[in-house]
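>>> Predicted structure and sequence below. I'll ask about it afterward.
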Amino acid sequence: MIERTLTTVNRAGLHTRPAAMLVKAASTFSSDIYFVKDGFHINAKSIIGVMTLAAECGSTILLRAEGSDEQAAADAISTLFSSGFGEE
């Protein structure tokens, strides 16, 4: 299992478009991928779940990926966060 702490860097936070990007990316991997924030464990392949994170700019989220392609999944999702979802 891989765990990484990610920070939301885009000004608008984790709104609909970045949430959809995350779900789309996560869904391409066979690994189980979860976000943990404020005690909630959210399936990264669920748009409703990701939207409930309500992660504003500066929020930290723990990424957990487990499975055969966990490294690639963690790298892809980390890149989305660090790039500000292409909004900066």
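Looks like it arrived, so ask away.
>>> residues in contact with residue 85?
Neighbouring residues of residue 85 by CB atoms under 8 Å, 6 or more residues apart in numbering: 10, 17-18, 21. The way it works is simple: take the backbone N, C-alpha and C, and place the C-beta from them, glycine included.
>>> Would you map the helices across this structure?
In the chain, the helices defined using DSSP state H lie at 16-26, 47-51, 70-82.
>>> Quick check: pLDDT value at residue 88.
For residue 88, the pLDDT comes out at 61.
>>> Which residue is the nearest non-sequential neighbour of residue 62?
residue 36 (4.1 Å; CB to CB, 6 or more residues apart in numbering).
>>> That neighbour pairs with what?
Beta-bridge partners for residue 36, by DSSP bridges, are residue 41, residue 62.
>>> quick one: it and residue 59 touch, right?
No - Residue 36 is beyond contact range of residue 59, at 11.9 Å (criterion: CB atoms under 8 Å).
>>> Mutual contacts of these two, please.
Counting by CB under 8 Å, 6+ apart, nothing touches both residue 36 and residue 59.
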